[in-house]
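Engineer: output the structure for:
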Amino acid sequence: MSPDVLQRSAPGSFHTTNSLPVHRRRAYWREALSQTFGAVDMTVPDEVYSGTIRTAPLGRLQAVTVDGDCLSALRTHRLVAQGTEEEYVVVKLLDRGVARLEQDGREALLGPGDIFVYDMARPVQLNLPQSFRTKSLVLPRDVLGLSESDMAHVTASPLGPGTPLGSLLSPFLAGLVDGAGTYLPRTSELMARNVVDLLGVLTDEVLGRSSADTPGGGRALLLRIQAFIDRHLADSELTPQAIARAHHISPRYLHKLFESENATVGRWIQRRRLEECRRELARRGSGSTIAAVAHRWGFASAAHFSRVFRAAYGIAPREWRDTQVIDT
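Structural biologist: Numbers count the residues shown, from 1 in each chain. Below you'll find the predicted structure:
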């Protein structure tokens, strides 16, 4: 993905073949893929039945969701030399289908839930031989802080959903991509920073380093806690004390971890609940009442929810629902 493509995509873009006549779908799909992935030789079937690409910003990162029938992408030395995409690294979750990835002398066979990384600075080949869905984050290389040696060891080294870290990161990455474009700017920046830390944790896992022995150990624990909070947002009993007990740490240490987020634990929980309520209220066809949505995301009082919603967004929940509608 080139910087020009990133600029054209902001604040988000959407491509789909679904509304096109069958004879126009293949040409449109190849062009949409080229706009999204830059200097890559892209092979798609003669008959394209369905294809959808969504992009959205997440701080300096770009979130991309692709649904398609099958494709093969090849980035050669020649294309690396003539393009500008070498500034980017892609962290990808295979949400549906199977894939084969080749980079840096390694070949990985991938299945649903696998997370993998490839570097646009070097040749890479990705084959998706059947219907698939991928959720990706495109990161500028300069935000990673990884050495070339570490980066070369991480590529084409998948992290499966059956591993402890993979079981945590798969839903975390999926949630970030799905929510990109809906967060407030400050929240987007915090999420983007967490993604960088996530990649550092993944690097430690692949290289066999213990996160507890690295400066990112605290950030790794914070990521796990934030993922835990997201899984339990609907629980009205989600408190700092309960979170600390679940992670075998003291409440004092829990609050210290959140100092880097410029928010208390309670404020973080409230912010995430508000974001989920805001997204659900904007969803087309939702017949839920304001009180039902608030309760579903852990607010015990509809009146309290309305007050904090207005304080956060400058608009009442009912007004937001009536004026801000997004397609799902």
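Engineer: can you give me the helices for the stretch 101-250 of the chain?
Structural biologist: Using DSSP state H, counting those that start in this stretch, the helices assigned to the stretch 101-250 of the chain run over residues 148-154, 164-179, 185-207, 217-231, 240-246.
Engineer: give me the helices and strands touching the fourth one, please.
Structural biologist: Think helix 217-231. Counting contacts by 3 or more CB pairs under 8 Å, 6 or more residues apart in numbering; DSSP states H and E, helix 217-231 packs against helix 164-179, helix 185-207, helix 240-246, helix 251-257, helix 265-281. For the C-beta atoms, the positions are set from N, CA and C on the backbone; glycine is no exception.
Engineer: relative to helix 164-179, how tilted is that helix?
Structural biologist: Here helix 217-231 points in a direction 60 degrees away from that of helix 164-179 (axes from the mean of the first three to the mean of the last three CA atoms, to 10 degrees).
Engineer: going forward, begin numbering at 11 instead of 1
Structural biologist: With the count now opening at 11, the last piece we talked about shows up as helix 227-241.
Engineer: how far away from the center of its chain is helix 227-241?
Structural biologist: Its chain's C-alpha centre lies 15 Å from the corresponding centre of helix 227-241 when counted by CA atoms, centre = their mean, to the nearest Å.
Engineer: average pLDDT across it?
Structural biologist: Taken as a whole, helix 227-241 has an average pLDDT of 78.
Engineer: got it, and stretch 191-204?
Structural biologist: For stretch 191-204, the mean pLDDT works out to 76.
Engineer: repeat for stretch 78-97
Structural biologist: Confidence over stretch 78-97, taken as the mean pLDDT, stands at 84.
Engineer: in it, what's buried?
Structural biologist: 78, 79, 80, 81, 83, 85, 89, 90, 93, 95, 96, 97 (16 or more other CB atoms under 10 Å).
Engineer: what's near enough to touch residue 285?
Structural biologist: Shown in contact with residue 285 (CB atoms under 8 Å, 6 or more residues apart in numbering): 189, 192, 193, 194, 197.
Engineer: quick revisit: adding distance to residue 49, write the buried residues of stretch 78-97 out as a markdown table.
Structural biologist: As requested, the buried residues of stretch 78-97 are exported to a markdown table (distance: CB to CB, whole Å):
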| residue | distance to residue 49 |
| --- | --- |
| 78 | 19 |
| 79 | 23 |
| 80 | 21 |
| 81 | 16 |
| 83 | 11 |
| 85 | 7 |
| 89 | 4 |
| 90 | 8 |
| 93 | 3 |
| 95 | 6 |
| 96 | 10 |
| 97 | 12 |
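Engineer: quick check: the farthest pair among those residues?
Structural biologist: In terms of CB to CB, the buried residues of stretch 78-97 reach their longest pairwise distance at 79 and 97, which sit 30.0 Å apart.
Engineer: include neighbour count when you put the contacts of residue 285 into CSV, please.
Structural biologist: Converted to CSV, those look like this (neighbours: other CB atoms under 10 Å):
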residue, neighbour count
189, 20
192, 16
193, 23
194, 14
197, 20
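Engineer: out of those, which comes closest to residue 245?
Structural biologist: Nearest to residue 245, judged by CB to CB, of the contacts of residue 285 is residue 189 at 19.5 Å.
Engineer: isn't the closest one right up against residue 289?
Structural biologist: Yes: the pair residue 189 and residue 289 passes the contact test of CB atoms under 8 Å, sitting 7.3 Å apart.
Engineer: my read: residue 83 touches residue 135, true?
Structural biologist: Yes: with the criterion set as CB under 8 Å, residue 83 and residue 135 qualify as a contacting pair; they are 7.1 Å apart.
Engineer: lowest-scoring secondary structure element of the chain by mean pLDDT?
Structural biologist: Every helix and strand in the chain was compared by mean pLDDT, DSSP states H and E; the lowest is helix 13-19, with a mean of 36.
Engineer: packing partners for the helix or strand following that one?
Structural biologist: Downstream of helix 13-19, the first helix or strand assigned by DSSP states H and E is strand 23-26. Using 3+ CB pairs under 8 Å, 6+ apart as the contact criterion, the neighbours of strand 23-26 among helices and strands are helix 32-47, strand 61-68.
Engineer: pairing partners for strand 23-26, with directions?
Structural biologist: Under the criterion DSSP bridges, strand 23-26 sits next to strand 61-68 (antiparallel) in its sheet.
Engineer: helix or strand right after the partner strand?
Structural biologist: Toward the C-terminal end, the helix or strand that comes next after strand 61-68 (DSSP H and E) is strand 71-78.
Engineer: what's the end-to-end length of stretch 125-141?
Structural biologist: For stretch 125-141, the first-to-last residue distance is 18 Å (CA to CA, to the nearest Å).
Engineer: mean confidence for it?
Structural biologist: Per-residue pLDDT values over stretch 125-141 give a mean of 91.
Engineer: ditto for stretch 101-121
Structural biologist: Averaging pLDDT along stretch 101-121 gives 93.
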